[in-house]
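Enquirer: can't give you the sequence, but here's the structure:
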C-alpha cells in the first residue's frame with residue numbers, strides 16, 4: 001500500500017472517530033461512518049465508469065454519421081458531433097442542470113414544473129451526478145446530428161444544441177426523474193399512485209431527441225435530388241445517397257452498443273445498496289438480449305420484404321445495424337423492471353417497428369440521413385409503452401422500492417400503462433411546442449438551411465479550410481445534370497424553384 005493510500009485511509013478513520021463522541025456507541029458508529037464513506041467512494045467510481053461509457057457513445061454517433069454521409073461532408077458532420085458535446089456541457093452547466101434537478105428533495109411532496117436552484121452548479125455537492133446527467137443530455141442532442149446531415153448550417157446546429165440541452169430536455173428530465181416532477185415514480189405522491197417508469201431514458205432521452213429530429217428534418221427539407229428532380233417533380237423511385245464507408249457505420253454501431261452498458265447500468269446510480277447487484281445484472285442481460293433480438297428481426301423481415309417485392313431477398317447490413325440500435329432504445333426504459341424473456345420480445349418488436357417506420361419516412365418523403373427518427377423516436381415510444389405491458393412486481397420492487405402497479409400483461413390494472421401513455425403525450429407535446437417555432441425562427445432568419453451551391457459542392461468545402469484546399473486541387477464535386485449548367489432542386493421550403501449554378 002502506498003503512503004498516499006495510508007494517509008487517505010487514516011483521514012477517513014480519524015474523521016469518523018471524531019464523529020463518535022459517545023463511548024458506548026463509538027465503535028458501532030465509527031464502523032457505520034467508515035462503511036458509508038467507502039460506499040460513497042465506490043458509487044462515485046461506478047458513476048465515473050458509467051459516465052465514461054455514455055460519453056464514449058459520442059464517438060459512436062460520430063462514426064455512424066461519418067460513414068453514412070458523402071465524403072464531401074465528413075468534416076462538417078464530425079464538427080457538429082463535437083459541438084453537441086461542447087454545447088451540451090455549457091448549456092447543462094449554466095442552466096440545464098438547475099432546470100432539471102435543482103433543489104430536488106425526496107422528502108418534499110411539492111410538485112414543480114422546473115427546477116429553480118443550483119444554476120452554474122452553485123451549491124451542488126454531488127458533482128459526479130452532474131457528469132453522468134450531462135452525458136445523457138449530450139446524447140439526446142446528438143440524435144439530431146445525423147438527421148440534418150449534409151444540408152444544415154453550423155449556426156443553426158449550435159443554437160439548437162444549446163436550446164435542447166439548456167431548456168427543452170431539462171424540463172422533461174425534471175418531470176420524470178426529479179422527485180418534484182409530476183411523472184416521477186419515486187416521489188412521495190406519484191401520479192395515480194404509480195408514476196411513470198423510465199429506467200434509463202427511452203422517453204426522456206430518445207423520444208426527446210427523436211421527436212426533435214423529426215420536426216427539424218421536416219422543416220429543413222430533403223437533400224437536393226433525394227425525392228425530387230431538378231424541376232421539382234417527385235421522383236418515382238427516391239434517389240439513394242450511399243454513405244462513403246460502411247465500415248465506419250459498423251464501428252459506430254458497435255461503439256454505441258458498448259456504451260449502452262454504461263447508459264443503462266449507470267442509471268441505477270448506485271452499486272452498493274441492497275439488491276443493486278441484481279438490478280444491474282438484470283439491466284446488462286436485458287440490454288444484450290433486446291439488441292440481438294431486434295437485429296435478427298430487422299434482418300429477417302427486410303429479407304422477406306425484399307423477396308416479396310422484387311423476387312430476390314437481400315441481407316441489409318445497414319438495416320441490421322439500425323435495427324440493433326432500435327432494440328437498445330426500446331429496452332432502455334424497461335431494462336430494470338422486465339424479465340429477460342420480455343426483453344427478447346420487446347427487442348423483436350422494436351426491430352419490426354424500426355423497419356416499418358424507416359420505410360414509411362421514405363414513402364412520405366422525409367429525409368433522415370441516418371434513420372434517427374425510426375430508431376429513437378418510434379422505438380422510444382414503444383420502449384415507454386412496453387414498460388406498461390411487461391413490468392413485473394418483483395423487478396419494480398428491487399429497482400424502485402414501492403409497487404403501485406405492474407405491466408398489463410403481468411396482471412396490472414392499466415394504471416402504469418396509462419402513466420406511460422401520458423408521458424409519451426407530454427414529451428411529444430412539449431417538444432413540438434418549443435422546437436417547432438424555434439426551427440421556424442431559424443429558417444425565417446436564414447440560419448437553418450445551407451445554400452444550394454454549398455450543398456452541391458459539399459459543406460466541407462464551404463466551412464473547413466483543409467477541405468477548400470483539397471477542393472482546389474481536385475476540382476468541384478460532381479453533381480447531376482449535364483454540360484456546364486447543373487440544375488439543382490431547392491427543397492420543399494422553396495418548392496418549385498430551380499437554381500442554376502455555373503460550373
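Expert: Alright, I've got the coordinates. Just so it is clear, the model here is predicted, and its values are computed rather than measured.
Enquirer: what's around the spatially closest residue to residue 154 that is not a sequence neighbour, how many residues?
Expert: Closest residue to residue 154 apart from its sequence neighbours, by C-beta to C-beta, 6 or more residues apart in numbering: residue 463 at 6.0 Å. In this view, the C-beta of every residue, glycine as well, is placed from N, C-alpha and C. Residues lying near residue 463 (other C-beta atoms under 10 Å) number 17.
Enquirer: quick one, phi psi at residue 463?
Expert: phi -110, psi -20 (degrees, to the nearest 10).
Enquirer: check contacts around it.
Expert: Applying C-beta atoms under 8 Å, 6 or more residues apart in numbering to residue 463 gives the contacts 75, 76, 79, 154.
Enquirer: quick one: which of those is most hemmed in?
Expert: Most crowded among the contacts of residue 463, counting by other C-beta under 10 Å, is residue 76 at 26 neighbours.
Enquirer: Does it touch residue 464 like I think?
Expert: Yes: between residue 76 and residue 464 there is a contact under C-beta atoms under 8 Å: 6.8 Å.
Enquirer: and residue 271, helix, strand or coil?
Expert: For residue 271, the assignment made with DSSP: H, G, I helix; E, B strand; the rest coil gives coil.
Enquirer: you'd agree it is up against residue 278?
Expert: No: between residue 271 and residue 278 there is no contact under C-beta under 8 Å: 11.4 Å.
Enquirer: Of these two, which one has the most company?
Expert: residue 271 (19 against 14).
Enquirer: Excluding chain neighbours, give the residue nearest to that one in space.
Expert: Closest to residue 271 by C-beta to C-beta, 6+ apart is residue 46, at 4.4 Å.
Enquirer: burial count for the one you found?
Expert: 22.
Enquirer: in which helix or strand would I find it?
Expert: helix 26-68 (DSSP states H and E).
Enquirer: list the helices and strands that helix packs on?
Expert: Counting contacts by 3 or more C-beta pairs under 8 Å, 6 or more residues apart in numbering; DSSP states H and E, helix 26-68 is packed against helix 3-19, helix 74-91, helix 127-147, helix 246-265.
Enquirer: What are the contacting residues of the second one?
Expert: Around helix 74-91, the neighbours that count as contacts under C-beta under 8 Å, 6+ apart are 55, 58, 61-62, 65-66, 69, 96, 134, 137-138, 141-142, 145-146, 149-150, 152, 154, 157-158, 161-166, 244, 458-460, 462-464, 466-467.
Enquirer: Go again with 6 Å.
Expert: 58, 61-62, 65-66, 69, 137-138, 141-142, 145, 149, 157-158, 161-162, 165-166, 459-460, 463-464, 467 (C-beta atoms under 6 Å, 6 or more residues apart in numbering).
Enquirer: next one: the longest one
Expert: Residues from elsewhere that reach helix 127-147, judged by C-beta under 6 Å, 6+ apart: 44, 47, 51, 54-55, 57, 61, 65, 80-81, 84-85, 88, 92, 97, 161, 164-165, 169, 205, 208-209, 212-213, 216-217, 368-370, 372, 376.
Enquirer: Pull out the buried residues from it.
Expert: By neighbour count with 16 or more other C-beta atoms under 10 Å, helix 127-147 contains the buried residues 128-147.
Enquirer: That helix: what's the following helix or strand?
Expert: helix 154-163.
Enquirer: Tell me where the model's unsure across this structure.
Expert: For the chain, residues meeting the criterion pLDDT under 70 lie at 1-37, 465-503.
Enquirer: let's see it at 50
Expert: Applying pLDDT under 50 to the chain flags residues 1-9, 472-503.
Enquirer: can I assume residue 195 is in contact with residue 186?
Expert: No: taking C-beta atoms under 6 Å as the definition, residue 195 is not a contact partner of residue 186, at 7.3 Å.
Enquirer: With neighbour numbers in mind, choose between the two.
Expert: Set side by side, residue 195 and residue 186 show more neighbours around residue 195, with 26 against 16, by other C-beta under 10 Å.
Enquirer: Strands of the stretch 301-450 of the chain, start to end?
Expert: Per DSSP state E, counting those that start in this stretch, the stretch 301-450 of the chain carries no strands over any range.
Enquirer: how about the helices in it?
Expert: 317-332, 340-363, 372, 379-390, 393-400, 415-444 (DSSP state H, counting those that start in this stretch).
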